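# structure, please.
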Amino acid sequence: MQDGAAVAAAADASTAPGFLRVRTLWKRNALPWALVAPVAALVAIGVLFPLGYIAVLGSYDYSPYLGRAARYVALSNYRALLSDAAFWSALGASAIWVIGSVVPQFLLGLGMALVLNETFRGRGLVRTIILAPWAVSGVVTGFIWLWLFDGTIGVLNDLLMKAGVIDAPMPWGIYESTTWLMVLVANAWRGAPFFAIVILAALQSIDPALYEAAAIDGGSRWQKFRFVTWPLIFNAVVISTLLRALWTFNFIDLLWTMTRGGPAGATTTLPIYIFDVVYQKGEFGYGAALSVVLCLLLIAFSACYWQLNRMGRAS
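Predicted coordinates for the structure are as follows:
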């Protein structure tokens, strides 16, 4: 009898207004934080702490390779950065690298996605073949295209000479313009499948009834793309171009494999310059300051790009 009374009392307590209020507050406020806490701790340890350490190190003159102890110099590294011609040259090379990579990658990826969205025999095999370059690492891609562009045994030179376009093998990696062409073609080959994957997924989410309605209204193929397809894939395009621009800006593997920043520093982007400053020259403090500036540039670019696209959608 007493056990039954205790059970009934516990049930009444669990349904009391005060208990229900506490449980509701726990679910609304404390439980989400408890679930997020482990991930937040990992982010703090793996991201925020290194960022904070680099930000502090950027205010020191620290060159352990040269046997110099860390010396606090405040903002001297950042003032030196403003007058560093190599920094501005690397920043310009980074702009060429990002724009020259992302624009052709997007256009090629959009074209591939539109083709792969159609129904034809062997579509699955074609999708597999087209998307394969995305699975190849940057180092392997660099070696593949180095062989293709080789001035002595390269396949491209052989084809161009047989076609009568050139009379002698072209040393692609000697001149600045041809070197940029070489690395941008290689990066377009590797990066275009990423856009194809993202845009194809967006295309397949579009209701076919919208195209049927456009056809009934007499819409041409271009009008269907302009007024039906493009608005519905626009968000995917914005996200994919932003991600690809950030990734490309930070890429070092393909460029380093193909050019090592040459010729004469023409393809030395900001990440390659930071790598050279830190690991070749041993200037850890100045390299940290460059890394802070790189991080701020990427944050500013992301914010501006996102805001411009919001304004475009609103208009």
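# all contacts plus neighbour counts: C-alpha atoms, from now on.
Will do.
# hey, where'd the strands end up in the protein?
For the chain, the strands defined by DSSP state E cover 60-63, 68-72.
# what's the model's confidence in the longest one, averaged?
For strand 68-72, the per-residue pLDDT values average out at 83.
# so which elements touch it?
With contacts defined as 3 or more Cα pairs under 8 Å, 6 or more residues apart in numbering; DSSP states H and E, the packing partners of strand 68-72 are strand 60-63.
# residue 289 reaches residue 62, doesn't it?
No: with the criterion set as Cα atoms under 8 Å, residue 289 and residue 62 do not qualify as a contacting pair; they are 11.2 Å apart.
# quick one on the thing from earlier: now render the strands of the chain as JSON lines, adding mean neighbour count.
What follows is the strands of the chain, written out as JSON lines (neighbours: other Cα atoms under 10 Å):
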{"stretch": "strand 60-63", "mean neighbour count": "21"}
{"stretch": "strand 68-72", "mean neighbour count": "13"}
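# residue 311: which of those strands is closest?
strand 60-63 (40.9 Å; Cα to Cα).
# the closest one pairs with which strands?
Here the strand partners of strand 60-63, with direction, are listed using DSSP bridges: strand 68-72 (antiparallel).
# mind listing residues that contact the strand it pairs with?
Residues outside strand 68-72 that contact it (Cα atoms under 8 Å, 6 or more residues apart in numbering): 59, 60, 61, 62, 63.
# starting at the chain centroid, how far to stretch 189-205?
14 Å (Cα atoms, centre = their mean, to the nearest Å).
# oh sorry, the question was meant for stretch 149-159
For stretch 149-159, the separation from the chain centroid amounts to 31 Å (computed by Cα atoms, centre = their mean).
# what about that stretch, start to end distance?
Distance across stretch 149-159, first residue to last, is 11 Å (Cα to Cα, to the nearest Å).
# buried ones in it?
Neighbour-count burial for stretch 149-159, counted by 16 or more other Cα atoms under 10 Å, picks out 149, 150, 151, 154, 156, 157, 158.
# now the fifth one: how far from residue 217?
This means residue 156. Counting by Cα to Cα - residue 156 and residue 217 are separated by 48 Å.
# next: the last one.
As judged by Cα to Cα, residue 158 and residue 217 stand 52 Å apart.
# same deal with the first one?
As judged by Cα to Cα, residue 149 and residue 217 stand 50 Å apart.
# what about residue 176, how many neighbours?
16 (other Cα atoms under 10 Å).
# which ones are touching it?
For residue 176, the contacting residues are 263, 266, taking Cα under 8 Å, 6+ apart as the criterion.
# mind running it again at 10 Å?
With contacts defined as Cα atoms under 10 Å, 6 or more residues apart in numbering, the neighbours of residue 176 are 182, 262, 263, 264, 265, 266, 267.
# quick one: mean pLDDT over stretch 145-159.
Mean pLDDT, computed over stretch 145-159, is 90.
# make residue 1 into 25 and carry on from there
Yes, from this point I'll number from 25; that puts the last item at stretch 169-183.
# ends of it, how far apart?
Its start and end residues considered, stretch 169-183 measures 15 Å (Cα to Cα).
# can you give me the offset of stretch 255-271 from its chain's centre?
Relative to the mean C-alpha coordinate of its chain, stretch 255-271 is positioned 10 Å out (Cα atoms, centre = their mean).
# what comes up buried for that stretch?
Residues of stretch 255-271 classed as buried: 256, 257, 260, 261, 264, 265, 266, 268, 269, 270 (neighbour count, 16+ other Cα under 10 Å).
# make JSON lines from those residues and add distance to residue 188 and pLDDT to it.
Formatted as JSON lines, the entries for the buried residues of stretch 255-271 read as follows, by distance: Cα to Cα, whole Å; pLDDT from 0 to 100:
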{"residue": "256", "distance to residue 188": "45", "pLDDT": "92"}
{"residue": "257", "distance to residue 188": "42", "pLDDT": "94"}
{"residue": "260", "distance to residue 188": "43", "pLDDT": "91"}
{"residue": "261", "distance to residue 188": "40", "pLDDT": "92"}
{"residue": "264", "distance to residue 188": "40", "pLDDT": "93"}
{"residue": "265", "distance to residue 188": "38", "pLDDT": "93"}
{"residue": "266", "distance to residue 188": "41", "pLDDT": "91"}
{"residue": "268", "distance to residue 188": "37", "pLDDT": "94"}
{"residue": "269", "distance to residue 188": "37", "pLDDT": "93"}
{"residue": "270", "distance to residue 188": "40", "pLDDT": "92"}
